[in-house]
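**Student:** I would like to see how this sequence folds:
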Amino acid sequence: MTVTDPADVLRDPARLAALADTGLPDSGPEEIFDRLTRLAAHLLGAPTALLSLVDDRRQYFKSAAGLPAELAGVRETPLSHSICAHVVAGGAPLIAGDTSADARLRDNPMVTVFGVRAYAGYPVATAGGQVVGSFCVADTETHDWGDAELRALADLAAVAACEVERRRAETVRVRGEQGVREAEGWYRALVEQSIMAIYCYQDGRFLYVNPKTAEIFGRGQAELQQPGALERIIHPDDYPRMAENIRMRLAGEIPTIRYTLRGVRPDGEIIYLDVHGTRTDLGGRPALIGVGYDITDRVRAEREREAAMRARDRFYAMASHELRTPVSTVMLYNDLLLGGMYDPLTAAQREAVERSQSSARHLLDLINDLLDLSKLEAGRMDARHDEVDVAELVRSVAVELTPMAADHGSTLSLELEGRPGPVVGDGLRIRQILMNLLSNAIKFGQGLPIEVRCAAEEGGGVSVAVTDHGGGIAAEDLPRIWEDFVQLGSGDAAGTGLGLPIARRLAELLGGAIEVVSAPDAGSTFRLRLPGAPAEVQG
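**Tutor:** Numbering: from 1, shown residues only. This is a model prediction of the structure:
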């Protein structure tokens, strides 16, 4: 059997809260309680009667009749001087005809100092069962408490408990009402100041709209709550769909809905709203409540962006188709001049034509990059799904770019780790990615060695890491290398600023990714990861 420590009972937060809710501790004398203690003393022939309220450190005499002269005017004592605390801790009556013979009481100062020789007390509890005090009588002589006396004392204690509970319940009620008022205030503030349109609709009209709703539609709240307001504020093309949505919700066919519709302001301006609505019951009749968010600016921004994208795509197409032909023609004639088709060139002329050819090639690269970027962003670039030997592809690209590396003073080494298996992808696009990564390593490698490692990865994937030992990239610049037209280098090495963004998008198109690790003066490693081929392809 579990034995509860009396001190724990007295310290119980729920009990202390119930006691505080009565509002009686430290309150002054009240006739309603004083009559009860006087009656108790009279009926039981005891010199002293008390209504004691006990917390975790003291007992407070809410009412006292016939206290000894030594305690006259005393309103409280510490628990060490309290017999009533035993009643509260035990939650049961305590009847002692001779306190000196009771082991619980014989050493209590009320017995040893103030001469209490007999005691009878009953718990005073709330409706919830929290014992907050004791209604008791005490005698300076031993007293054989009779059954009739104890029944009378129990009845008086019950009356005292009823009044104590009434006080507690009143406090809780007032606090609850105050809480409701505060909650209503918060709720109203939230609704009235919300950035969302909030409404309640029933019987063919708005019962309520918040100020934001009126602001969005450019009309007064009172006007919106008039019958027929919906027909005036909803775009005619969207009204039938909205009316059907309302009908289905009111009929209970759908509980909630979310949709976008157009509204019309008094000046004819079209607005767009994202509406969330649900069904409820008010006064026993179906009603709708919901919120709407003004997405007009977002819709306009999206349309402007789409228009800009279309204009850009048209420009890219024009650049690709209208500029590629003349640039190719220039390059053809440059080749003819350099090949001696016409008169032999002087050294100065040859240098000038070579510069022209280099610039034309750079312009052609830009045109091709623009076309690729346009296709990628428009989702029009297709990728083949062939079995690709990435290791062989890397070897081929490395051989092709070795002369370019030598021109820049770099050596280019290739290392195969493990046995990289095939991937399913587009060999032409993978080659384009590898050409970009190796070309960049050569351009920015500062004539130092360049290592290419092709390795098998767990799950059948393949990774290709291209490492240079050039100047590296600062941490704050790393995110920018994937942005269109960003050029961190200078001079001929700067490129178009589209190579890496295109390479990354191509890798993602193939189900892979490109990662980079770099730091100033520590070089850079770009790693292309490609997923492995399915088992049936590898088998």
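**Student:** How many residues are close by Glu192?
**Tutor:** Neighbourhood size, Glu192 [other Cβ atoms under 10 Å]: 11. Any C-beta I mention is one placed from the backbone N, CA and C, and that applies to glycine too.
**Student:** Can you report phi and psi for it?
**Tutor:** The phi and psi values for Glu192, taken as degrees, to the nearest 10, are phi -70, psi -30.
**Student:** right, and it touches Tyr208 too?
**Tutor:** No. Assessed by Cβ atoms under 8 Å, Glu192 is found out of contact with Tyr208, at 10.7 Å.
**Student:** so what pLDDT did the residue nearest to Ala14 when sequence neighbours are not counted get?
**Tutor:** Excluding the flanking residues, the one nearest Ala14 by Cβ to Cβ, 6 or more residues apart in numbering is Gln130, at 6.3 Å. With respect to pLDDT, Gln130 scores 95.
**Student:** tally of neighbours for Gln130?
**Tutor:** 22.
**Student:** now swap in Leu438 and tell me
**Tutor:** 26.
**Student:** out of everything not next to it in sequence, what's closest to it?
**Tutor:** In space, Leu438 is closest to Leu401, 5.1 Å off (Cβ to Cβ, 6+ apart).
**Student:** For the one you found, give me its contacts.
**Tutor:** Leu412, Met435, Leu438, Ser439, Ile442 (Cβ atoms under 8 Å, 6 or more residues apart in numbering).
**Student:** likewise Asp98?
**Tutor:** Arg117, Ala118, Thr142.
**Student:** Show me which of those is closest to Ser134.
**Tutor:** Among these, Ala118 lies closest to Ser134 (Cβ to Cβ), at 15.0 Å.
**Student:** Now do the closest residue to that closest one other than its chain neighbours against Leu150, distance only.
**Tutor:** Nearest non-adjacent residue to Ala118, counting by Cβ to Cβ, 6+ apart: His143, 3.6 Å away. Here the criterion is Cβ to Cβ, to the nearest Å. By it, His143 lies 11 Å from Leu150.
**Student:** Let me see the ranges of the strands in the stretch 1-150 of the chain.
**Tutor:** Under the criterion DSSP state E, counting those that start in this stretch, the stretch 1-150 of the chain contains strands at 48-54, 58-65, 76-78, 94-96, 118-125, 131-139.
**Student:** Low-confidence bits of the protein, can you list those?
**Tutor:** 1-4, 316, 319-321, 362, 370, 373-382, 485, 487-497, 533-539 (pLDDT under 70).
**Student:** Tell me which strands the longest strand belonging to the chain pairs with, and in which orientation.
**Tutor:** Using DSSP state E to define each element, the chain has its longest strand at strand 270-282. Its sheet considered, strand 270-282 pairs with strand 256-264 (antiparallel), strand 285-294 (antiparallel) by DSSP bridges.
**Student:** and the gap between Arg504 and Val390?
**Tutor:** Using Cβ to Cβ, we find Arg504 at a distance of 17 Å from Val390.
**Student:** Also Ile32?
**Tutor:** Applying Cβ to Cβ to Ile32 and Val390 gives a distance of 95 Å.
**Student:** okay, these two: which has more neighbours?
**Tutor:** The residue with more neighbours, out of Ile32 and Val390 and counting by other Cβ under 10 Å, is Val390; that gives 24 against 10.
**Student:** How about the contacts made by the more buried one?
**Tutor:** Per Cβ under 8 Å, 6+ apart, neighbours of Val390: Pro420, Pro422, Val423, Ile430, Cys454, Val462, Val464, Leu530.
**Student:** ditto for Asp144
**Tutor:** Gly97.
**Student:** now swap in Asp281 and tell me
**Tutor:** So Asp281 contacts Ala287 (Cβ under 8 Å, 6+ apart).
**Student:** Bridged to it, which residues?
**Tutor:** Bridge pairing for Asp281 - DSSP bridges - gives Pro286.
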